[in-house]
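S.K.: Structure here, sequence nowhere to be found:
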């Protein structure tokens, strides 16, 4: 298992991201994270192919009142990267998240998840319920291997056959208003990936989404679903209205989690898959109100 590290100079002068990098070693791999503010801890988990930069507007909006912790999963952002897609597994991501939480002594967290941060983060929450005080669930899902649509199969095929995955194009596909992804913002999303050898993690996640019921992640997601059926702590489901990837999953989570219907039904309007990028300030406001009333 070969490990590489994006040169620090790639991250100099990032637009809207003034925070000093912090690092912790987990199972021999260096993980980067943002840790800003004081008070109750909000743990923010990103998805494909982004990194903690995605949460910069949420961090800026809430770090005056709370402690915001946003790690980069292994393979993303400033964290270490493995060079083969086959080296990335659901277990590796879950175990490094568990190690990260233990290393920082995190507890009583409000867990904010989106995309793959949802599949991994919600599994973490079910397994470590004592560490989690609240859930905030943004555009994500818990697929269990039922046949997906043709568009997703084509996306998997594209990723499988494209070693040099165009990260900028993927990000542009995931927003509703593409003009918001200015050159400096796109540069920040491209920064972790100097060349194709750094993109194995970004290629691995789409290929790990189960398209058959006997695939490993399908079993993990089934177990998470069962755990969430018994969830008793506050849960806020907040999806955007312009994301074809997760459309309808908000109602799935509201029906699945007993406490989700205790909260207002919130839809983030005019935002795509990366709703933190497009409506980060609005999302921060909803999280603040959720925490204050619970």
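M.R.: Looks like it came in fine. As the structure is a prediction and not an experimental result, all values here were calculated from the model. Numbering: from 1, shown residues only.
S.K.: Check the secondary structure at residue 44 for me.
M.R.: On the three-state scheme (DSSP: H, G, I helix; E, B strand; the rest coil), residue 44 is labelled strand.
S.K.: give me every residue that touches it.
M.R.: Going by CB atoms under 8 Å, 6 or more residues apart in numbering, residue 44 touches 52, 55, 58, 59, 68, 69, 70, 112, 117. In this view, the C-beta of every residue, glycine as well, is placed from N, C-alpha and C.
S.K.: could you redo these as JSON lines and give each row distance to residue 28, secondary structure and neighbour count?
M.R.: Below are the contacts of residue 44 laid out as JSON lines (distance: CB to CB, whole Å; DSSP: H, G, I helix; E, B strand; the rest coil; neighbours: other CB atoms under 10 Å):
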{"residue": "52", "distance to residue 28": "21", "secondary structure": "helix", "neighbour count": "26"}
{"residue": "55", "distance to residue 28": "26", "secondary structure": "helix", "neighbour count": "29"}
{"residue": "58", "distance to residue 28": "30", "secondary structure": "helix", "neighbour count": "25"}
{"residue": "59", "distance to residue 28": "28", "secondary structure": "helix", "neighbour count": "26"}
{"residue": "68", "distance to residue 28": "27", "secondary structure": "strand", "neighbour count": "29"}
{"residue": "69", "distance to residue 28": "21", "secondary structure": "strand", "neighbour count": "24"}
{"residue": "70", "distance to residue 28": "22", "secondary structure": "strand", "neighbour count": "26"}
{"residue": "112", "distance to residue 28": "27", "secondary structure": "strand", "neighbour count": "28"}
{"residue": "117", "distance to residue 28": "22", "secondary structure": "helix", "neighbour count": "29"}
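S.K.: Which of those residues sits closest to residue 29?
M.R.: residue 52 (16.0 Å; CB to CB).
S.K.: Surely the closest one is in contact with residue 35?
M.R.: No - using CB atoms under 8 Å as the test, residue 52 is too far from residue 35 to be in contact (10.1 Å).
S.K.: closest to residue 79 among the contacts of residue 44?
M.R.: residue 52 (9.3 Å).
S.K.: what about that closest one, distance to residue 71?
M.R.: Using CB to CB, to the nearest Å, residue 52 is found at 7 Å from residue 71.
S.K.: now swap in residue 7 and tell me
M.R.: 20 Å.
S.K.: So for those two, which residue has more residues nearby?
M.R.: When residue 7 and residue 71 are compared for neighbours, residue 71 comes out ahead with 29 against 10, by other CB atoms under 10 Å.
S.K.: do you know how far the more buried one is from residue 55?
M.R.: If you go by CB to CB, the gap between residue 71 and residue 55 works out to 10 Å.
S.K.: how many neighbours does the nearest residue to residue 249 once chain neighbours are set aside have?
M.R.: Nearest residue to residue 249 in three dimensions, chain neighbours excluded: residue 141, at 4.6 Å (CB to CB, 6 or more residues apart in numbering). Residues lying near residue 141 (other CB under 10 Å) number 20.
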